[in-house]
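>>> Fold the following and give me the result.
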Amino acid sequence: MIENISFDIAVVGAGHAGVEAALACARTGMKTALFTLSLDAVANMPCNPSIGGTGKGHLVFEIDAMGGEMGYAADAVTIQSRTLNTSKGAAVRSKRVQADRRKYSDLMKTVLEATPNLYVIQAEVTDIVTEPDGNGQLTVKGVSCEPFGDYTCRAAIVCSGTYLGGTTHVGDVMKRSGPDNSLPAESLTEGLRRLGVELMRFKTGTPPRIHRRSIDFSELEIQYGEEYITPYSVRTDEAELNSREQVPCHVVYTNADTHKIILDNLHRSPLYSGRIHGTGPRYCPSIEDKVVRFSDKERHQLFVEPMGLETEEIYLQGFSSSLPADVQLKMLRSLNGFHHAEIMRSAYAIEYDCVNPLELEATLEFKKVKGLYGAGQFNGTSGYEEAAAQGLLAGMNASLKLRGMEQIILPRHSSYLGTLIDDLVTKGTNEPYRIMTGRSEYRILIRQDNAEERLSEYGHYCGLLSDERYEATLERTRKVKEEAERLSHVNVGPSSGINRLLSEKGTAELNSGANLCEIIRRPQLTYEDTAPFDPGRPQLHRSIKERVETEIKYEGYIKHQLDEVKRQSKANNTLLPTDIDYSEIKGLRLEAAQKLSKIRPASIGQASRISGVNPADITVLMIWLQLRGEH
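This is a model prediction of the structure:
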């Protein structure tokens, strides 16, 4: 042990999950060690140089609302911003930015190094040191690492990303490796297995990087950023962000020649030859997988994205592959504008070890090892945003546990992070889990624009949000409610001239008076449209006005979903004893008893969401609780 140093919390891995976990721990007063295989790979983006996207953008806003760092850092390195699904309702609109990959990593490393209570150490953690407590339960006591030996700690968070047991594939070239040709984490897998932890093998991949000079951009469709950038973080200087010139991206498509090259060489793909055993992401398949699975499609859309402002590397989103390098070059040169493409980094697939998330509590603490937490791709997810959000919550909960405070369990209706975690720990996953807006049944309630209102109380409770910032959040929420209430009392009639506006917008004219809420609720009308008829309107920030409009337009849907939350709350608040022997409950089907015994749900609500547990099983459980006097 170096200098006999002991820590409160050890974080294993400095990817997006590890960074957020370590910052959350250190910022709440915990003496924290962040271990990484390479200090040059802190917060690396080994895959796409972007942050956000469908559902993922929501997570970034949620991270910022609880006091995390990703949103603020992403704003600082944004080179293009777009809002996806703008033609659809506010619930499914998601922000996505092109980020300067290198600057993001450098910025996060600087933040870590400047954080009090945080020690960043380049070393490989090889084992989790545990001891049984008085009840025979394993409890974290430290970590073993190379080359330094053992460090004592009271809690540990595993955020190993795709490094754990990493193996990369490029055609028949297979080697033990982490992402970007880095070192893999070789020993921790066996250490976790010795603790009785069930692990899985997953796979992901990334496309080739092409030199900018070898691309003829005149043959590509251009894709500009949005006119006005709404920042991820309330800490960001909005004016400065919007003063930057955005970098354009481009679009290209595969064609019949591309598909023929892929199909002719399919036997050389480790994905189809059987050399890859890990399960890949359903919603981000390799290009060879897309061509095979969607053989009826004549082309597939690809996005041509810069890796940063000070590099000539170009990322080709949608062209992930594990085919040999020579085939990759032929595929590339079959695309319009890429006839002279120069590959700087080949595409590759990577297999890695991760935990079965059914091993975890909803706090992200392991059921079998107290004080041990998991976060990020180690928990079976896919993506930087999913990783960072889990890392933040794991760090918050580890800190809360050591401070003797109640840990945070986010309900499904609170957030996309709550949905993600509930899905993982209740249903498990047999493939890399990716968040999407379609995952949530409460989409109207958990929009991007109201993340602060939903989640800032958790950040404040944990100590990540100051009293001043929390009060500012409450004040913004008050302004939204006050303005919506005020508009409901501002009446206009046919004589006001509003019928001319209504006619221009293609909606029915007024025959009698109506309040402005009723006008704004019409799909064709916006909050700004009604300004000429509202002389008493206060000066409000752009974000507040947009949220007022959303709250008014979706008022009926919001009330319906809030009613559904109330209906579900009884089941979610009906707790199940931790010592139930489900095999002894008469009337419970064998499959249900087995699933319930494995997952050990905390409540009737969680039990009802387990695959293989049907409504009749829930009725049996409710009757059993009543007979026990628990209900």
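
>>> Just checking, which helix or strand of this structure averages the lowest pLDDT?
helix 270-273 (a mean of 84; mean pLDDT, DSSP states H and E).

>>> which of the residues in it are buried?
Pro270, Leu271, Tyr272 (16 or more other C-beta atoms under 10 Å). Quick note: C-beta positions are derived from backbone N, CA and C, even for glycine.

>>> any idea how far the first one lies from Gly171?
If I follow you right, that is Pro270. Distance, Pro270 to Gly171, using C-beta to C-beta, to the nearest Å: 7 Å.

>>> Between the two, which contacts overlap?
Ser322 (C-beta atoms under 8 Å, 6 or more residues apart in numbering).

>>> I figured Tyr458 was touching Leu400, is that so?
No. Between Tyr458 and Leu400 there is no contact under C-beta atoms under 8 Å: 10.1 Å.

>>> any idea how far Asp40 is from Pro46?
Going from Asp40 to Pro46 by C-beta to C-beta gives 12 Å.

>>> more crowded one of these two?
Neighbours were counted for Asp40 and for Pro46 using other C-beta atoms under 10 Å; Pro46 has more, 19 against 13.

>>> which residue packs closest to the more buried one, ignoring adjacent ones?
For Pro46, ignoring the flanking residues on the chain, the nearest one in space by C-beta to C-beta, 6 or more residues apart in numbering is Pro179 at 3.5 Å.

>>> Likewise for Phe294?
His300 (7.6 Å).

>>> And the pLDDT for the one you found?
For His300, the pLDDT comes out at 96.

>>> What is the burial count for it?
Neighbour number of His300 under other C-beta under 10 Å is 17.

>>> Make sure it is actually in contact with Val252.
No. Between His300 and Val252 there is no contact under C-beta under 8 Å: 10.0 Å.

>>> can you list contacts of the longest helix belonging to the chain?
In the chain, assigned by DSSP state H, the helix with the most residues is helix 467-487. Applying C-beta under 8 Å, 6+ apart, the contact partners of helix 467-487 are 65, 234, 452-453, 456-457, 459-460, 465, 515-517, 520, 534, 536, 538, 540-541, 543-545, 547-548, 551-552.

>>> Okay, now the unreliable bits of this structure?
Low-confidence segments of the chain, defined by pLDDT under 70: 1-4, 630-631.

>>> higher neighbour count, Tyr458 and Leu400?
More crowded of Tyr458 and Leu400, by other C-beta under 10 Å: Tyr458, with 22 against 19.

>>> Please, which helix or strand holds the more buried one?
helix 451-462 (DSSP states H and E).

>>> Pull out the buried positions in that helix.
The neighbour-count check on helix 451-462 (16+ other C-beta under 10 Å) flags Ala451, Glu452, Glu453, Arg454, Leu455, Ser456, Glu457, Tyr458, Gly459, His460, Tyr461, Cys462 as buried.

>>> again with stretch 589-600
Using 16+ other C-beta under 10 Å as the test for burial, stretch 589-600 gives Ala592, Ala593, Lys595, Leu596, Ile599, Arg600.

>>> The stretch 101-250 of the chain: helices as residue ranges?
101-113, 188-194, 238-243 (DSSP state H, counting those that start in this stretch).

>>> Would you mind putting the ones you listed into JSON lines with mean neighbour count alongside?
Output for these, formatted as JSON lines (neighbours: other C-beta atoms under 10 Å):
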{"stretch": "helix 101-113", "mean neighbour count": "19"}
{"stretch": "helix 188-194", "mean neighbour count": "17"}
{"stretch": "helix 238-243", "mean neighbour count": "13"}
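
>>> Looking at those helices, which is nearest to Gln317?
helix 101-113 (13.2 Å; C-beta to C-beta).

>>> Output that closest one as CSV, nothing but the C-alphas.
Taking C-alpha atoms only, helix 101-113 is exported to CSV below (Å, rounded to 0.1, in the frame of the first residue of the first chain):
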residue,chain,number,x,y,z
ARG,A,101,-13.6,14.7,-28.6
ARG,A,102,-10.2,15.7,-27.4
LYS,A,103,-11.2,18.9,-25.7
TYR,A,104,-14.0,17.1,-23.8
SER,A,105,-11.5,14.6,-22.4
ASP,A,106,-8.9,17.3,-21.5
LEU,A,107,-11.6,19.4,-19.8
MET,A,108,-12.9,16.5,-17.7
LYS,A,109,-9.3,15.6,-16.6
THR,A,110,-8.7,19.2,-15.6
VAL,A,111,-11.9,19.2,-13.5
LEU,A,112,-11.0,16.0,-11.8
GLU,A,113,-7.5,17.2,-11.0
